[in-house]
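# The following comprises the amino acid sequence and a computationally predicted model.
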Amino acid sequence: MCDFCRKHAEKYGKWYLNPKGYSEELFYKLTLLDRILNRRPLREREMWKYSDAAWYPLPISKTLGLVDLAAKPLIGGLVRVIGNVIAVREHAGQVVPLEDAYRIVELSEKQALFPCMCKRLFKGDDEYKCLNFTPAPDFAEKHPRGWRVKWLEREEAKEKLEEFSEKGYVHAVFWWYGLPQVICVCNCDVRYCYAARPRLWYGIRKAYVKAEYVAEVDQDRCSGDIPRCGNCVARCQFGAITLTSKGASVDTYKCFGCGQCRFGCEEDAVRLVDRNTHPIAKGLW
């Protein structure tokens, strides 16, 4: 299992299925220094800052500017090491399939859609596709320059997730400042994702952890009809699937386990299996 699951999953198997990750007690917990200084918890202070929609693009730009240093030949390795540490403490998450995204919604108390700041920053338009959970929407509504949120009922949130999945977006669950506090499920086009780009471009692995699953193809069911098919290839944002005369083939090293390839398969030939039991994928996070 991933490092975050080892620390925080307990008996629930996955860190994001642990009910503690949805408790206010976890988010508002005071440290000894907080009590001495009579101040609000670090997570609350940071959440207030990040609720400023006008300010938020600035740290993203600065962070990505630093990440670009990972491409430099002499200091790139050091930047990647530091980047992994920073990612866990600040903005990082894990890919999840649609089924687990549904379970996350069931565990959360309140759900609201935010506009995707990553897409706004890189492409210039707004799309409400970042599904946030309390306390994030509460802070956004209180902040004078906060995000405009769209509150949803639980079933509405599930319907939105299904809609995003049909569009081919990858679901990823994010924690908050090193805590197993489930803040949101982002529904990403990885070209614009603030967490995915450092991982895919420069190998900052912990910014965007692979899912607890990996895709496999049932060759007996796969049609292998190259002129007619290829939907699984088109839906994979990670370039993990190729078509040959024998049918579809999954590159285990590239697969993130998002499960999007399944929804394009008319033969129902693609499935997700537990990454932890896979002889190769269990070591690839």
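Received it, and whenever you're ready, just let me know what you need.
# Return the distance of Trp48 relative to Ile36.
Between Trp48 and Ile36 the computed distance is 21 Å (Cβ to Cβ, to the nearest Å). C-beta: built from backbone N, CA, C; applies to glycine.
# who does the lengthiest strand in the chain pair up with?
Taking DSSP state E as the criterion, the chain has its longest strand at strand 179-188. Strand 179-188 pairs in its sheet with strand 128-133 (antiparallel), strand 170-176 (antiparallel), by DSSP bridges.
# for the ones you listed, which one sits closest to Tyr12?
strand 170-176 (13.5 Å; Cβ to Cβ).
# then the closest one to PDB, C-alphas only?
What follows is strand 170-176, C-alpha atoms only, in PDB (Å, rounded to 0.1, in the frame of the first residue of the first chain):
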ATOM      1  CA  VAL A 170      -9.200  11.400 -13.600                       C
ATOM      2  CA  HIS A 171     -10.400  11.400 -10.000                       C
ATOM      3  CA  ALA A 172      -7.800  12.100  -7.200                       C
ATOM      4  CA  VAL A 173      -8.300  12.600  -3.500                       C
ATOM      5  CA  PHE A 174      -6.200  15.200  -1.700                       C
ATOM      6  CA  TRP A 175      -5.100  15.500   1.900                       C
ATOM      7  CA  TRP A 176      -4.300  18.700   3.800                       C
END
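# Residues in contact with that strand: which ones?
Strand 170-176 is contacted by residues 4, 15-16, 21, 27, 43, 46-47, 91-98, 100-101, 104, 161, 164-165, 181-190, 193, 195-196, 208, 237, 256, 258, 260 when judged by Cβ atoms under 8 Å, 6 or more residues apart in numbering.
# And for stretch 120-129?
For stretch 120-129, using Cβ under 8 Å, 6+ apart, the contacting residues are 57, 60-61, 113-116, 119, 150, 160, 164, 169, 186-187, 191-192, 194.
# Give the buried residues for it.
Arg120, Phe122, Glu127, Tyr128, Lys129 (16 or more other Cβ atoms under 10 Å).
# Straight-line length of it, end to end?
Its start and end residues considered, stretch 120-129 measures 11 Å (Cα to Cα, to the nearest Å).
# how far does stretch 157-175 stretch from start to finish?
Terminal-residue distance, stretch 157-175 (Cα to Cα): 19 Å.
# buried sites along that stretch?
157-158, 160-161, 164-165, 168-175.
# what's the straight distance from one end of stretch 264-284 to the other?
Across stretch 264-284, first to last residue, Cα to Cα, it's 25 Å.
# Which residue, other than its chain neighbours, is closest to Gly83?
Ile204 (4.1 Å; Cβ to Cβ, 6 or more residues apart in numbering).
# what is the mean pLDDT for stretch 49-67?
Throughout stretch 49-67, pLDDT has a mean value of 79.
# Going forward, the N-terminal residue is numbered 57.
Taking 57 as the first residue, the last one we looked at is stretch 105-123.
# Not counting that stretch itself, show me its contacts.
135, 139, 142, 146-147, 173-174, 176-177, 192, 195-196, 198-199, 201-204, 250, 253-254, 257-258, 260.
# repeat that for 6 Å
Met173, Leu177, Phe195, Ala196, His199, Arg201, Gly202, Trp203, Tyr250, Pro254 (Cβ atoms under 6 Å, 6 or more residues apart in numbering).
# Show the buried residues in those.
Buried among the contacts of stretch 105-123 (16+ other Cβ under 10 Å): Met173, Phe195, Ala196, His199, Gly202, Trp203, Tyr250, Pro254.
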